[in-house]
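Student: give me coordinates for this.
(chains A, B, C and D)
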Number of protein chains: 4
Amino acid sequence: MRDATFTDMIVLLHLGRLATPGERRLLDAILIGVADHGSGAPSCAAARLAASGNRQSVSAAIAAGVLTIGDEHGGAGSNCMELIAEGLALAARDGITVVAAAQTLVERAVRKKLRLPGLGHRTHTTDPRTKALFDLAETEGIAGAGVTFMRALEEAACAAIKPLPMNIDGALAAILHDIGFPPPAGKFMFIIGRVAGLTAEVAEEYDRERPMRIEFAVEYDGAPPRSE
Amino acid sequence: MRDATFTDMIVLLHLGRLATPGERRLLDAILIGVADHGSGAPSCAAARLAASGNRQSVSAAIAAGVLTIGDEHGGAGSNCMELIAEGLALAARDGITVVAAAQTLVERAVRKKLRLPGLGHRTHTTDPRTKALFDLAETEGIAGAGVTFMRALEEAACAAIKPLPMNIDGALAAILHDIGFPPPAGKFMFIIGRVAGLTAEVAEEYDRERPMRIEFAVEYDGAPPRSE
Amino acid sequence: MRDATFTDMIVLLHLGRLATPGERRLLDAILIGVADHGSGAPSCAAARLAASGNRQSVSAAIAAGVLTIGDEHGGAGSNCMELIAEGLALAARDGITVVAAAQTLVERAVRKKLRLPGLGHRTHTTDPRTKALFDLAETEGIAGAGVTFMRALEEAACAAIKPLPMNIDGALAAILHDIGFPPPAGKFMFIIGRVAGLTAEVAEEYDRERPMRIEFAVEYDGAPPRSE
Amino acid sequence: MRDATFTDMIVLLHLGRLATPGERRLLDAILIGVADHGSGAPSCAAARLAASGNRQSVSAAIAAGVLTIGDEHGGAGSNCMELIAEGLALAARDGITVVAAAQTLVERAVRKKLRLPGLGHRTHTTDPRTKALFDLAETEGIAGAGVTFMRALEEAACAAIKPLPMNIDGALAAILHDIGFPPPAGKFMFIIGRVAGLTAEVAEEYDRERPMRIEFAVEYDGAPPRSE
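Tutor: Have a look, this model is predicted:
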């Protein structure tokens, strides 16, 4: 353990075993990838707001940032990991291929008008981060049923719905699954990575910015003034 | 106690005794006054950000709002209550009048270039909320040494520095002092009142707004790209 | 509005209208009732823990307390308000009485082995707080369909299952419904009331207790030491 | 950057440059060392309390844990880094040796009855973790003025006061200083490491424990019941 890295410790805490070099490398890539997406992300903006009004506790600012993380912000990985688990359980239960299971879940999503977590991107037609992660997973021998399922899901969704490239959440969900993490780990890994980013955002807010600098324009659209 | 109000309970919890009708009325006015200053205040903006990314827990959103409250946001009342306590202790110790103690503290602020909490307002030359609170305090027989000190502080500061009308934080600090609250109560009462406002802001965000709607424009001004 | 109380403000913020005197009185009783159930409640214990390790920000301590509030702690009122709304919608849709709707929901709970929120108490066979609230609701003319439904639910559950007296969560859910609050307000009112209690708990922790005083005995029951 | 680790990213975010292999290794050791000290630590206990009452949001539980971190819990490293900075500035300003500066600060602590952060341990006479970190720092060539100062401080304090072995906070403070981090980084690194531990504690609470299981015995020592 003298050469263990912090990432090894994260694996040990969650899985109760040491990481292989390949697992460590992929988890490092994932944690780096989620650490900071700019000060405008809800987590960073909330942390800076708290640092702006309450400069007595860096913990308060970081906690405010963490609190913005949920199903809608940083939660897509966990949701996608649940879908992967469901798809693979379906394949095992019904004795069908993973590809057939993915098609079944795409058909259900079409029928029930559900969004498929892990697919789709506002601008990319192929998300370059997905390719980078999956190439690394192949090289390191980590890619397993999770990666297979997500590739089948992407193909089935593109055929049945519209071009829906697998995004970074889908890619990290597949890899976390293949390392052996349960679905909630998607959110936990996002939180661990993002907290590193939040500490740097909060450090900068304390160092560079004056308190109470952040102002939000809000337009009132409620009831008119009462006549009396 | 069958007719007790929530405000009575707040006094009982903090002072260990029942409120007089006048104390209750002034505390009601203070709590109403701080409950909500619009969605753009840091506390409300942070609560709405958390509601926007994490729609699984209203507690998380309200806590994010609370975390923005510190010396810089909602803390002026407590800071002013400490100044009042210091001024009155000075008068008692040195056997001087409250007016003389206020002048001494203004002189020190000028000498050390310190801001005086509770004085000054961006737009008002006379803060109408201060007058309303102090009129009520006189009518109800609550006004005591705290009100006297703050009036003397305002006068001394206006004479020595520039027009610095007592603001709402100075007024509520004087009244909380005269009811018998210790300085930290300024922040506690702000939090109690503001949490009522935050619950309504969060309720509206859940009801009316879609998740992840809030975007912040951030301008990058860091290091240029590395040539590689 | 010069005579408005903080409780009036809470109604105004959430319902957009002034409270009647009876509504105000009932809401005061509810907020007082949830403010503080002793330092051992999860919300108070968490707030004191934060005050114990982080004495730089009272907001941090109060936020830690708020974060323990969820479906399992302080959430029974909201869950019960949803059941009331469902029962009354069922009665309206199927043209059946509220009593019949309550029986239907009890039968479903028995069939699906679900707990009925708002019923049952560890020690009381009749919860004295329920009686006090409902008496006040009758006197003030507030008791409406919510109270009728909860009484019918209690009777149907006692007949079909076992003695399950309506508890304080069931009582406040009925009354909040009859005042016109939507289900999430059950949790919001709990938070508003409890924050008042938390401020007093945190004030006491700062005043009386030394930092880091709280220790928890934890018994390790994990894997044995590795031999090598 | 393809081989970068999460720890490299933390250095990049805070220092704006890549870590050397030695720096990375020391920081890994520090982050591992603070990640988890058992479920009884205030941060873990608060996180589990929130997971116990509010099972709708893992973020809420982790944030509750973060909020317990302050000067008293997890803050000794930052406080010690400030002392190191002060000691080295003193040496530079007065043209005295680091050893002389350490003696001056110990004398001041004795005179003013201040505790010296980074020194002292309840049970150890030599903290084995300090030795392990400092050995690694020597091997990797990281040990600099911070390590020199802390060793001088330990020696001066042991001579002037009583056996006060340098503890883990003193050791990590020295090393973080020598890597180039400013004092607040002591708290930030503690938070980053501890959040990894909190995610595992919260995962276990969700998986293994029933809600609302945690009870705290509290002994009432307040006013007696009122006679009337």
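
Student: three-state assignment of A:Thr32?
Tutor: Rather than Thr, residue A:32 is Ile. Per DSSP: H, G, I helix; E, B strand; the rest coil, the local secondary structure of A:Ile32 is helix.

Student: how deep is it tucked in, by neighbour count?
Tutor: Other residues within reach of A:Ile32, judged by other C-beta atoms under 10 Å in any protein chain shown, total 23. In short, each C-beta sits where N, CA and C put it, glycine included.

Student: pretty sure it contacts D:Val11?
Tutor: No - with contact defined as C-beta atoms under 8 Å, A:Ile32 does not count as touching D:Val11 (11.7 Å).

Student: tell me how many other residues surround A:Arg122.
Tutor: Neighbours of A:Arg122 under the rule other C-beta under 10 Å: 5.

Student: hang on, it in a helix?
Tutor: No - remark: A:Arg122 does not belong to a helix; assigned using three-state DSSP, it is coil.

Student: ranges for the helices of chain A?
Tutor: A:6-15, A:21-34, A:42-53, A:58-67, A:76-94, A:98-112, A:128-139, A:145-160, A:168-179, A:185-208 (DSSP state H).

Student: out of these, deepest packed?
Tutor: Ranked by mean neighbour count under mean count of other C-beta atoms under 10 Å in any protein chain shown, the helices of chain A are led by helix A:58-67, which reaches a mean of 35.

Student: give the rounded mean pLDDT of that one.
Tutor: Per-residue pLDDT values across helix A:58-67 average out to 98.

Student: repeat that for stretch A:10-25.
Tutor: Averaging pLDDT along stretch A:10-25 yields 96.

Student: run the chain-centre distance for that stretch.
Tutor: A distance of 19 Å separates the centroid of the chain from that of stretch A:10-25, by C-alpha atoms, centre = their mean, to the nearest Å.

Student: okay, it in CSV with CA atoms only?
Tutor: What follows is stretch A:10-25, C-alpha atoms only, in CSV (Å, rounded to 0.1, in the frame of the first residue of the first chain):
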residue,chain,number,x,y,z
ILE,A,10,-11.6,5.3,-3.3
VAL,A,11,-11.8,1.9,-4.8
LEU,A,12,-10.9,0.3,-1.5
LEU,A,13,-13.5,2.3,0.4
HIS,A,14,-16.3,1.4,-2.0
LEU,A,15,-15.4,-2.1,-3.2
GLY,A,16,-13.3,-3.4,-0.3
ARG,A,17,-10.4,-4.4,-2.5
LEU,A,18,-7.5,-2.9,-4.3
ALA,A,19,-7.8,-1.6,-7.8
THR,A,20,-6.0,-3.1,-10.7
PRO,A,21,-3.8,-0.7,-12.6
GLY,A,22,-6.3,-0.6,-15.5
GLU,A,23,-9.2,0.2,-13.1
ARG,A,24,-7.2,2.9,-11.4
ARG,A,25,-6.4,4.5,-14.7
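
Student: so what's the residue lying closest to A:Ser52 once chain neighbours are set aside up against?
Tutor: The shortest distance from A:Ser52 to any residue that is not its chain neighbour, by C-beta to C-beta, 6 or more residues apart in numbering or on different chains, is 5.1 Å, and that residue is A:Ile214. Neighbouring residues of A:Ile214 by C-beta atoms under 8 Å, 6 or more residues apart in numbering or on different chains: A:Arg48, A:Leu49, A:Ser52, B:Pro42, B:Ala45.

Student: try it again with 10 Å
Tutor: Taking C-beta atoms under 10 Å, 6 or more residues apart in numbering or on different chains as the contact definition, A:Ile214 lies against A:45, A:48-49, A:51-53, A:205, B:40, B:42, B:45-46, B:68, B:216.

Student: which positions in chain A make contact with chain C?
Tutor: Contact residues (C-beta under 10 Å from any C-beta of the partner chain) of chain A with chain C: A:16, A:50, A:53-61, A:63-64, A:67, A:222-223.

Student: considering only those, which also neighbour chain B?
Tutor: Of the residues in those, proximity to chain B by C-beta under 10 Å from any C-beta holds for A:50, A:53-57, A:59-61, A:63-64, A:67, A:222.

Student: picking that back up, list just the nearest of the residues of chain A next to chain C to D:Thr20.
Tutor: A:Val58 (26.4 Å; C-beta to C-beta).

Student: so how far is chain B from the closest one?
Tutor: When C-beta to the nearest C-beta, to the nearest Å is applied, the distance between A:Val58 and chain B equals 11 Å.

Student: cool, and A:Arg93?
Tutor: Here A:Arg93 is placed at a distance of 29 Å from chain B (C-beta to the nearest C-beta).

Student: state the distance from that residue to chain C.
Tutor: The value you get for A:Arg93 to chain C, if C-beta to the nearest C-beta is used, is 24 Å.

Student: what do you get for A:Arg17?
Tutor: As defined by C-beta to the nearest C-beta, A:Arg17 lies at a distance of 10 Å from chain C.

Student: ok, now A:Asp36?
Tutor: Taking C-beta to the nearest C-beta as the criterion, A:Asp36 is separated from chain C by 23 Å.

Student: contact partners for the closest residue to that residue other than its chain neighbours?
Tutor: With C-beta to C-beta, 6+ apart as the criterion, A:Asp36 has its nearest non-adjacent residue at 3.2 Å, and that residue is A:Gly197. If a contact means C-beta under 10 Å, 6+ apart, then A:Gly197 has A:32, A:34-39, A:41, A:43-44, A:47, A:65, D:9-10, D:13, D:192 as its contacts.

Student: which single residue in chain A comes nearest to chain C?
Tutor: Residue nearest to chain C within chain A: A:Ser57 (3.8 Å; C-beta to the nearest C-beta).

Student: backbone dihedrals for that residue, please?
Tutor: As for A:Ser57, its main-chain torsions (degrees, to the nearest 10) stand at phi -150, psi 110.

Student: quick check, A:Tyr206 in contact with A:Ala51.
Tutor: Yes - between A:Tyr206 and A:Ala51 there is a contact at 6.1 Å, judged by C-beta atoms under 10 Å.

Student: shared neighbours, those two?
Tutor: When contacts are counted by C-beta under 10 Å, 6+ apart, A:Tyr206 and A:Ala51 are jointly contacted by A:Val58, A:Ala61.

Student: what stretches of chain A score poorly on pLDDT?
Tutor: Scanning chain A with the threshold set as pLDDT under 70 gives A:1-2, A:227-228.

Student: now do 50
Tutor: Scanning chain A with the threshold set as pLDDT under 50 gives no residue ranges.

Student: show me the contacts for the residue nearest to A:Ile179 when sequence neighbours are not counted.
Tutor: Nearest residue to A:Ile179 in three dimensions, chain neighbours excluded: A:Glu23, at 5.1 Å (C-beta to C-beta, 6+ apart). By C-beta under 10 Å, 6+ apart, the contact list for A:Glu23 reads A:7-8, A:11, A:15, A:17, A:137, A:140-142, A:175, A:178-180.

Student: what do you get for A:Arg208?
Tutor: Contacts for A:Arg208 (C-beta under 10 Å, 6+ apart) come out as B:Asp221.

Student: hmm, A:Asp36 and A:Gly193 touching each other?
Tutor: Yes - between A:Gly193 and A:Asp36 there is a contact under C-beta under 10 Å: 8.5 Å.
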